[in-house]
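>>> generate coordinates for the sequence data below:
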Amino acid sequence: MRIRSVILAAAIPLLLLLAAVNGALLYFQSEAEMRRGLDARALAVVVTTAEFLSAMDDPAAQLSSAPRRAALASAARHVEGLEGLVLVDAAGRATALVPPARSWSPGRAAPRAAAEVGALTNVGGNRHVVARARVAGGG
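This next block holds a predicted model:
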């Protein structure tokens, strides 16, 4: 074998391997960035809503009025990808502020931190981004 043949025989598989590794790294990096972006968007929505609800004396009672519920639903339509917004009070009662597109039951346990983001997988295997924040008065 000549040197040119040996170099080509060694270089071509190495270049193909380098291209495959580069593609895999790019894929996993973009997937991680998308997840962080979704988590940040969900956290922003839930923290903003929790702060507004914390300013109310009885959020569930005040949000039962039709104009407030319509205003909240109108504001929620501007958040791309938001499928539902649920207020869980200290007693564990769930009030759908924005009715979820798919049925699921929110966790009743209080968040470990002031605000947290986690993934939820439903029965069909679909992944949802779930963010939780504490509301003053226990919710």
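>>> can you pull the buried residues of the lowest-mean-pLDDT helix or strand in the chain?
In the chain, no helix or strand scores lower on mean pLDDT, DSSP states H and E than strand 115-121, which sits at a mean of 73. For strand 115-121, burial by neighbour count (16 or more other C-beta atoms under 10 Å) applies to residue 117. Every C-beta, even on glycine, is put in place using the N, C-alpha and C of the backbone.
>>> so what secondary structure elements neighbour the helix or strand following it?
Per DSSP states H and E, the first helix or strand lying C-terminal to strand 115-121 is strand 127-133. On a contact count with 3 or more C-beta pairs under 8 Å, 6 or more residues apart in numbering; DSSP states H and E, strand 127-133 meets helix 3-54, strand 115-121.
>>> same list (those) but as CSV, adding distance to residue 64.
Output for the helices and strands packed on strand 127-133, formatted as CSV (distance: least, C-beta to C-beta, whole Å):
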stretch, distance to residue 64
helix 3-54, 13
strand 115-121, 25
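>>> and the ones you listed: which comes nearest residue 135?
Set against residue 135 and scored by C-beta to C-beta, those come closest in helix 3-54, at 4.7 Å.
>>> what angle sits between that closest one and strand 127-133?
Angle, helix 3-54 to strand 127-133, by axes from the mean of the first three to the mean of the last three C-alpha atoms, to 10 degrees: 40 degrees.
>>> can you name every helix or strand that the helix or strand following helix 3-54 contacts?
Remark: after helix 3-54, the chain's next helix or strand is helix 59-62, criterion DSSP H and E. Contact here means 3+ C-beta pairs under 8 Å, 6+ apart; on that basis helix 59-62 packs against no helix or strand.
>>> list the buried residues for helix 59-62?
In helix 59-62, counting by 16+ other C-beta under 10 Å, buried: 59, 60.
>>> contacting residues around the next helix or strand after it?
Following helix 59-62 in sequence order, the next helix or strand is helix 66-76 (DSSP H and E). With contacts defined as C-beta atoms under 8 Å, 6 or more residues apart in numbering, helix 66-76 is touched by 45, 62, 63, 82, 85, 97, 98.
>>> now list the buried members of those residues.
45, 63, 82, 85, 97, 98.
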